[in-house]
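# generate a structure from the sequence data that follows.
(chains A and B)
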Protein chains: 2
Amino acid sequence: MEKKLWLIEQNYYDVKDSPKYETIFTLANGYRGLRGWLEFSKYGFCGNFIAGVFDKAQAQVTEIVNAQNPLVFNLYIDDELIDIDRSEILYFKRYLDMKNGILYTDVEIKTPKGKITKIFSRRFVSRNNVHRWGAEYKITPVNYSGKIFVENIIDATVTNGNYHPADKAKHIRVKESYDFNPGIALETCTIDKHITIIEGTAIKVLDESALRNRKYGVFGEIVRELLELRVEEGKEYTLQKFGVTYTSRDTDDALKDILACELKSFYEQGLQNEIRAHIKAWQEIWDKIDIEIKGDDLAQLGIRFNIFQLSSSAYDQDDRVSIAAKALHGEGYKGHVFWDTEIFMLPFFIYTQPEIARNLLMYRYNTLDGARRNAKLNDYEGAQFPWESADDGLEVTPKWGMDYDGNPVRIWTGDEEFHINSDIAFGIWEYYRATRDKDFLINYGIETLLETSKFWKSRVEYNEEKDRYEINRVIGPDEFHEHVNNNFYTNYLAKWNIEKTLELAEWLKREDNKVYNDLLNKLDIKEEDFKEWKIIKDKIYIPYSEDGKLIEQFEGYFDLKDIKITEHDENGMPLWPDLQGYKLGQTQLIKQPDVVMLMLLLGDEFDLETRRINYEYYEKRTMHKSSLSPSMYSIMGLTVGDTHNAYKYFMKTILTDLEDNQGNAEFGLHAASTGGSWQSVVFGFGGLHVDKEHHLCLNPWIPEHWDELTFNITWQDAKVKIVVTQTEVRVVSTKDIDVRIYDEKLKVNKNKELVYRK
Amino acid sequence: MEKKLWLIEQNYYDVKDSPKYETIFTLANGYRGLRGWLEFSKYGFCGNFIAGVFDKAQAQVTEIVNAQNPLVFNLYIDDELIDIDRSEILYFKRYLDMKNGILYTDVEIKTPKGKITKIFSRRFVSRNNVHRWGAEYKITPVNYSGKIFVENIIDATVTNGNYHPADKAKHIRVKESYDFNPGIALETCTIDKHITIIEGTAIKVLDESALRNRKYGVFGEIVRELLELRVEEGKEYTLQKFGVTYTSRDTDDALKDILACELKSFYEQGLQNEIRAHIKAWQEIWDKIDIEIKGDDLAQLGIRFNIFQLSSSAYDQDDRVSIAAKALHGEGYKGHVFWDTEIFMLPFFIYTQPEIARNLLMYRYNTLDGARRNAKLNDYEGAQFPWESADDGLEVTPKWGMDYDGNPVRIWTGDEEFHINSDIAFGIWEYYRATRDKDFLINYGIETLLETSKFWKSRVEYNEEKDRYEINRVIGPDEFHEHVNNNFYTNYLAKWNIEKTLELAEWLKREDNKVYNDLLNKLDIKEEDFKEWKIIKDKIYIPYSEDGKLIEQFEGYFDLKDIKITEHDENGMPLWPDLQGYKLGQTQLIKQPDVVMLMLLLGDEFDLETRRINYEYYEKRTMHKSSLSPSMYSIMGLTVGDTHNAYKYFMKTILTDLEDNQGNAEFGLHAASTGGSWQSVVFGFGGLHVDKEHHLCLNPWIPEHWDELTFNITWQDAKVKIVVTQTEVRVVSTKDIDVRIYDEKLKVNKNKELVYRK
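Numbering: from 1, shown residues only, chains lettered A, B, ... in the order given. Purely as a prediction, here's the structure:
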């Protein structure tokens, strides 16, 4: 049973569900993602995404490159390919062992010619050495003896955009192929940016006497080695596949030599050694991230899936990449990075693997120049982080889409969704609050904040009549409404951004005067400027309602047609109400939380009643047309006492991909939702928050049917374990820490469990 | 009903039968063959074979090149590809209209998303202009309106040898792709011989208002144009596809320019005009070749299929190519030309389209230099035609195969199957007998005969003891026995070869002394040499049996274990008898006729009893492990009165591919069998033969259930129509001719029907 709570299983085969399972079964290690493509089907969407490898070429915008596919492993019984879609499936099971980061495929297939073969395979993408991946195939000819052929292929015929004929784009061209025997390699080069990518694989046949022949061949964009084996009925044959990947992003040395050397050493060290190290690495990750939910197996499995895949999407060795909206799991949103990272995913890393959180923020710092160029192009100052970001910080949101009739439709998010700037500033501050990483703040964080504040200074417009600063023509988190003025979320967070910047500038001046002065010089900011910033900040208009409680999402929102949600589907998700002839943007229906979102980020700045009032108002009008939505309502629901809905939204969130409740899991992981899942547990059920005075606070509440909730966090270098049951809260820490449980100030002594009885 | 007798139908879809139907539905025009690959399946073996385009590269030997596939026509309903293997098939029918040379596909398909589409398409490979081919698709969205996408692709990812993973070889590399709008093109180049091949296609949407968008793209080895259409439920949309092909074999001009110009003019002239001209061309061919069998629909349909596909395999404009064993219909035997052409197929052309017969023989003349090199390499004189021939007459038979265990097995046919030399000589003579084409004989034929005779002179060995010339270590037509001495067929025909050469040399000396002397000079032959040739010829040992009737296939054959065939399968074909521990070569079982074969070629040289005795003896020992076999037994059966078996063998022959009774139709047409089918009708049932004095003789016999047999021949410039019923024989000719019916000397006056009552 315990083991089951680590396994994501697919117990049937239906080719039309393959793309979804490819996402769910993606194996990634931050360096790269390999979609859970099934080798024995000709269908599906293979995906080999290497973090940071972007290209435009024929595509509409710069996008993550689908690199040559090294997974191809064709198995022939003499001349008959084992093709699951043309065979009788006698047994089928695939499962992802999340504890160890291993994907298993267990099948028994009868070909049209009546040959039955058992194949039991496992695949991993190493967390020990990110350039390595491997697979093992245990093959049993059940009712025949004779020849089998194994075609180990690296396939560069792949393209991006295979989901729709009009989206197809090719980003790689073949440079060279190599026969290393053992092993083959294929080197490609991206079209625009000339990033070279080399994939190498080698097959080891454990029972060497079965191997009769090997043949190397190149067929256009395909390189292969063909192994001929003689097999005996009923006997099991083990074949191991060793995979190594490098790109010119990793090194200036000749990729061929590095690959040849690394493939050889991997082959010689053996698969088992790497698997062992890989499992150990996962164990170390799980020690930091695991969440246990006793009494709710589905929630247990679901939350593990989310944190497994979120952890898989990042690693600590590359600060030039971040996590895309679809992580390394698919091509959705073209591999672009959104606010999803800072607002939805970052907290998970801040509280479990702060070194990765730092990297994610360093990605923003490292793309500041692109953000500065964006600002300049738009006649603003400072840095304008792109709504969609690829490798260099330049705005890569498509400017145009097409409506169904093929008419061009302008996409405005890249022009108007400015809140990304403050979201990043907010992420920096959150990171610092939990880690006290002064080095980061001093050398990178404050520079980023200064530049985003400078942007806001240039972006606001002074309304003389009302003596206020406005931010007009924007899109807030709710993208149903474009070109709106004074969006609450945007304005509030812009104000906060400047305020926090001023506060930290002052702090830096005291903390390290030299850095402070150098920075101001570098950014061409004078101290007098801060006065202007302060005035602006104080006068940024925040559209409170008259009673100061219910907040208007943007100026004029309350004048829109008030259509409420009245019906829900079988999953409890809202159904579209009758729009009564109005366009969506003319109604109060929203895509995802906007006002409520802000109240989650800066909860302490709003009293509970205000939060409740806004939750209740907006919840009825939220269509959840973003996977970012339910988790946030879950947390706020718990905050304001709507526990029933909170649990419902929590389950929606953690099952986003597993039950595919957004209907698009095939395009990649809902990465923000994985982060939201973690937040739902830790910030929601765990009630963890940091108050204005930077105290760690816990206000846990767990559903009645949960026996126990356990989670781990890192708090200012302390590893803290928190256990919540129906009757108590237990905290143990590797260092002395202060904690407030239900507002009671408590001290947790190093390695001594604090038991708080409710 | 009449129409049905022109249609080859496939009334069901089973993906595993697709490769067979691809052969059956191949459309060819002598210049090229396009396998009947179904556009709506991802499976099967596309084949685009252009006569004369050979290459070796990674392959074991030089082979016909599978060129880039221009047939790809992907149809998407929005993002959903219409893929027959993933859909529900509501209606399926494909049929080949042989009268007009058009392949129809009529399907109604329901996709997994429930979209139903009717597609009615036709395809043709023009006989009017061999560089052109085309298709038309009538597409009806049955239960939906909206967007469809048509992906018109030329695909150069194709390889040869896809039937077995170990046989895969690639012969083309992409040179360039072009966007002509309308139309696209892809130019490739073969690896070894640098033959460039350009394929161009264009799509015309007849209802232009449906076309919304067009997009050109290149994806590695694939070029495409993507058309976006808006369609309305229930409405039929017609799309026409124009295809043009050129290679550097055709012209020295820039292929791109030629193609662009030709594609444009084809597009502008319209598909219908080309189809009309194509049908007219086929009508002209049918006027020459058609055979009518009344009272036996299966025989009628079967014989038409054979002569349709045989006619499709040749045309009259290229004398550097011949017909391969699998014609232009598949990769079997690697596109190589065997004795199949001269012995099995040539008679059809001699008697129906002598201009093509001349071309086929010119191919041998044009490859004489290669044959001379073969002889030289083997230390012989003259010309040694290759057992397997590609483009230049050099021997291309693989030297080695592999047994099941991967042990190399020496293939001896290329070293020992010398009879090909005399087979070609025989073909030349047969051609001349029927056509009296002196120009050919004088300028090409006799040179070829002189060179083959010279070869035999150097090949025979003098046995002093027995004062005879022997030809040892050979393989006869029966390939079960290798390294045999004095094979009857080989020796007899070698002797005949020299004899005929001497006769014709003497004739030439009188006919055109200058050519005669020049030729002798050129070939370094002196008149004295002829004396030696004559001695050799007279003393070539022919292994008659003691009674002079039953002939021993080769020296020592009668000493082999005499295992006879006792059982037959449900089709009346022999089952392997128990070999009693003997190896096949140690038994008297034979693969195909050898002694009997010779008696068919030179029937007049053997009395009827001899033929009967040999037929009866060998028929019981013939396994028919070649598709060349049954037709020959059919003809000889009719000659010696075994009409029951004759009819059985005839039906086997004509259904070789249609019922796939050799089990390998997928690899290409059994071209020799198509020729054998024609011979069975005309030489067998029609009883047509030319006697020693060159009289046209008819000894027809038709099965009891046949009402009437009609066939057409060309006899020395006269078009002759022969009708055989149970009671009479009718002959009508465009010129006065002499004919012997059942040994009765008759005159047929121009355009006046001769009615002979039996």
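
# near chain B, which residues of the stretch 401-550 of chain A are found?
Neighbours of chain B within the stretch 401-550 of chain A, by C-beta under 8 Å from any C-beta of the partner chain: A:404-406. For the C-beta atoms, the positions are set from N, CA and C on the backbone; glycine is no exception.

# and if we set it to 10 Å?
Residues of the stretch 401-550 of chain A found near chain B (C-beta under 10 Å from any C-beta of the partner chain) are A:402, A:404-407.

# drop anything exposed from those.
Among these, not one is classed as buried by 16 or more other C-beta atoms under 10 Å in any protein chain shown.

# show me what the worst-scoring helix or strand of chain A on mean pLDDT is packed against.
Least confident helix or strand of chain A, by mean pLDDT, DSSP states H and E, is strand A:400-402 with a mean of 87. Counting contacts by 3 or more C-beta pairs under 10 Å, 6 or more residues apart in numbering or on different chains; DSSP states H and E, strand A:400-402 is packed against strand A:408-410.

# can you tell me the strand partners of the strand it packs on and which way each runs?
Sheet pairing for strand A:408-410, assigned by DSSP bridges, gives strand A:400-402 (antiparallel).

# contacting residues around the strand it pairs with?
With contacts defined as C-beta atoms under 10 Å, 6 or more residues apart in numbering or on different chains, strand A:400-402 is touched by A:60, A:166, A:407-411, B:212-213, B:228.

# and the least confident of these?
Within the set of the contacts of strand A:400-402, pLDDT is lowest for A:Asn407 (81).

# check contacts around it.
If you count contacts by C-beta under 10 Å, 6+ apart, then A:Asn407 has A:401, B:212 around it.

# quick check: the gap between the residue in the stretch 351-500 of chain A that chain B sits nearest to and B:Phe149.
Proximity of the stretch 351-500 of chain A to chain B (C-beta to the nearest C-beta) peaks at A:Gly406, 4.9 Å away. Going from A:Gly406 to B:Phe149 by C-beta to C-beta, to the nearest Å gives 11 Å.

# who touches both of these two?
Counting by C-beta under 10 Å, 6+ apart, the contacts common to A:Gly406 and B:Phe149 are A:166, B:212-213, B:228.

# so where's the stretch 1-150 of chain A shaky on pLDDT?
Within the stretch 1-150 of chain A, the segments meeting pLDDT under 70 span A:1.

# neighbours of A:Asp253, how many?
The tally of other residues near A:Asp253 (other C-beta atoms under 10 Å in any protein chain shown) stands at 11.

# tell me who's in contact with A:Ala327.
Residues near A:Ala327 by C-beta under 10 Å, 6+ apart: A:23, A:26, A:28, A:30, A:33, A:49, A:51, A:309-310, A:312-314, A:335, A:340-341, A:345, A:668-672, A:674.

# one more: A:Glu499?
By C-beta under 10 Å, 6+ apart, the contact list for A:Glu499 reads A:453, A:533-534, A:537-538, A:540.

# which of the residues you listed fall within helices?
A:453, A:533-534, A:537-538 (DSSP state H).

# hang on, isn't A:Gly44 packed against A:Gly36?
Yes. A:Gly44 lies in contact with A:Gly36 (C-beta atoms under 10 Å); the separation is 9.0 Å.

# so between the two, which is more surrounded?
Remark: of A:Gly44 and A:Gly36, A:Gly36 carries more neighbours, 26 against 21, as counted by other C-beta under 10 Å.

# re the thing from before, shared neighbours, A:Gly44 and A:Gly36?
Contacts common to A:Gly44 and A:Gly36, judged by C-beta under 10 Å, 6+ apart, are A:18-22.

# sitting in helices, which of those do you find?
Within the shared contacts of A:Gly44 and A:Gly36, residues falling in helices by DSSP H are A:18-22.

# if A:Arg730 is in a bridge, with which residues?
In this structure, A:Arg730 bridges to A:Val723, A:Val755 when assessed by DSSP bridges.

# thanks a lot, catch you later.
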